[in-house]
Structure formats: structure tokens, C-alpha cells
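Student: prediction below, plus the sequence it came from.
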Amino acid sequence: MLAAAIGLPLFSACSVVGSPKDVVPVHKIAGNDPGKVLVVVLPGFAFDHDDLRDKGVATAIQKGWPSADVALVGATFPYYRTGVLVEKLHAQVIAPARAAGYRQVWLAGGSMGGMGTLLYEQAHPGELTGLVILSPFLGSDDLLDEIREAGLERWSAGELSPVVDGDNYQRHVWKMIQGWGARPDPAARVWLACGTEDPLFKDVQVMAPVVPKDQYLPSPGGHSWDYWLPVVEDTFKRIAAKSPR
């Protein structure tokens, strides 16, 4: 479903099949003022932490925010498929970062990683300093059509089990997003970007009205690294400029 929705080939089979590892792999890259700000990055579909490192994601973040430490997390598709993404991300990455004394912990993700970022926020509301969501997968076409037809304010998620699972996670995430319209404080922590030629842009536009106008950053580009890397640098430069010293 994710592959079809995102439009990506299965070019890294080791990342999308099999079982998740007991310990989530992480590459950590220190900034020039380590131990204060941490940016945790989730990969997109068919990518892992090695791909994020090789593509220069940490470099792009630190060009924008030189003092930030970066943790590239190998949370690949099996973590989503088996329902352990949020649990392992919290226990092995986010909670230890807070315990280590980080004053700010940001979670960033693109494509599938954008959905992962939202899933974490849904399970741990308000815990993160902020969320950076790039070209996110936001759900099936049927669900997005349903929301567009009703309008986000009037749309109803229906009766949902409190347990988030593979059948209802998209509705849980959209119920959270819908709530930001009435409660702007959570949305004030969200930065959202997408290329205007990206197949997912039409879905991102449904989410955009609840994000602060100066933190919604559409620009020309598609679902590609040529678009993502400059946007990552620019977004974190903007965040750094707003961040308390």
C-alpha cells in the first residue's frame, strides 16, 4: 500500500522485508554544540539509516542548524508492518535523549517517515519539541477523498478503537490533525513541506490549513532527493532562527 501510494520502486528489498531488529540501528552525528538539541530522522519507504547518511541528510540539517546533533534512525518498513515503530522509537531513541539532558528533541521524517513522525506524535502528544514533516504519506486515496469531500473541519473519523493498529492508524492520525484546527498550540510545533509536483502534494494540501502559515513551505519539486535536501537545509535554518538560544 505504501509503495503504491508513494510511487517508489522496491529498490532496497532488505529494507522492506523481514523482521525489525531488536535494537533500532542509529547513526549519530554531533553538531558544533553537542548535547543540547537533537534532530531524530526517520527514513522513507525502502530507505534506511545508511541511505540517509549517504544522501547527506545530516549534512543538510547541520548546514541549516550547525549546533544540532542528528540521529539517523533505521526505522524501516518492517517496524511499521509489525506495529512496533512507536514503541521502539520511544524506548530506544527519544526517551534516552531526554534522559541524557537534551533540551530540545525534534522528530523529522519524509514520505513514509512523515507518517511515522505523526504516529509518534499521536501516541506521545506534546512530548517532542517539534515535528518536521516532508512530503508525507498521509493515507489511502479513499480516506483522503473522504476527508476532501466532507472538509477537514466537518469530517468524522467514526468510532475508533483506542488501540492503534493497521486498520485504523490513518484515521487516528487524521483525527489528531483535525484537532489541531481547534487547538493551535500543538500545530505550532509542526513544520510541513512538499514539492508542488509531488504526487502527494494534493494530500498535503488537506493538512496545510491547520499548520501555521509561515511553517507550511511548499515549493517547486517532486518526490526526490533533489527537492528534499535543499528543503531540509532551509527548514532547519528557519527553525534555528526561531529557536531559543
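Tutor: That came in fine, so what should we check first?
Student: let me know the secondary structure of Gln106.
Tutor: Heads up, residue 106 is Trp, not Gln. Under DSSP: H, G, I helix; E, B strand; the rest coil, Trp106 falls in the strand class.
Student: residues touching it, list them.
Tutor: Shown in contact with Trp106 (C-beta atoms under 8 Å, 6 or more residues apart in numbering): Val37, Leu38, Val39, Val40, Ala68, Leu128, Thr129, Gly130, Leu131, Val132, Ile239. To be clear about C-beta, it is placed using only N, CA and C from the backbone, and glycine gets the same treatment.
Student: just Ala71 next, same as before
Tutor: Ala71 makes contact with Val26, His27, Lys28, Ile29, Leu38, Val39, Val40, Val41, Val93, Ala97, according to C-beta under 8 Å, 6+ apart.
Student: one step back: sort out for me which of the contacts of Trp106 are in strands.
Tutor: Among those, the residues falling in strands (DSSP state E) are Val37, Leu38, Val39, Val40, Gly130, Leu131, Val132.
Student: could I get these in a markdown table, plus columns for pLDDT, distance to Pro162 and neighbour count?
Tutor: A markdown table is the format used below for the ones in strands among the contacts of Trp106 (pLDDT from 0 to 100; distance: C-beta to C-beta, whole Å; neighbours: other C-beta atoms under 10 Å):
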| residue | pLDDT | distance to Pro162 | neighbour count |
| --- | --- | --- | --- |
| Val37 | 97 | 33 | 21 |
| Leu38 | 98 | 30 | 24 |
| Val39 | 98 | 30 | 28 |
| Val40 | 98 | 26 | 25 |
| Gly130 | 97 | 26 | 19 |
| Leu131 | 98 | 22 | 21 |
| Val132 | 98 | 28 | 27 |
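Student: what segments of this structure are helices?
Tutor: Ranges of helices in the chain, per DSSP state H, are 2-6, 13-16, 49-55, 57-64, 77-81, 85-89, 95-99, 112-123, 141-150, 169-180, 184-187, 201-207, 225-242.
Student: which among the ones in strands among the contacts of Trp106 gets closest to Gly158?
Tutor: Nearest to Gly158 out of those is Leu131 (C-beta to C-beta; 25.1 Å).
Student: what's the neighbour count on the closest residue to Gly110 other than its chain neighbours?
Tutor: Once flanking residues are discounted, Gly110 sits nearest to Leu134: 3.8 Å by C-beta to C-beta, 6 or more residues apart in numbering. Other residues lying near Leu134 total 27 when counted by other C-beta atoms under 10 Å.
Student: who's Leu134 bridged to?
Tutor: Beta-bridge partners for Leu134, by DSSP bridges, are Gly110, Ala193.
Student: what residues are up against it?
Tutor: Contacts for Leu134 (C-beta under 8 Å, 6+ apart) come out as Ala108, Gly109, Gly110, Ser111, Gly113, Gly114, Ala193, Cys194, Trp228, Val231, Val232, Thr235.
Student: was I right to think Pro136 contacts Gly110?
Tutor: Yes. Counting by C-beta atoms under 8 Å, Pro136 touches Gly110, with 7.2 Å between them.
Student: who has more neighbours, those two?
Tutor: Ranked by neighbour count (other C-beta under 10 Å), Pro136 and Gly110 place Gly110 first, with 32 against 27.
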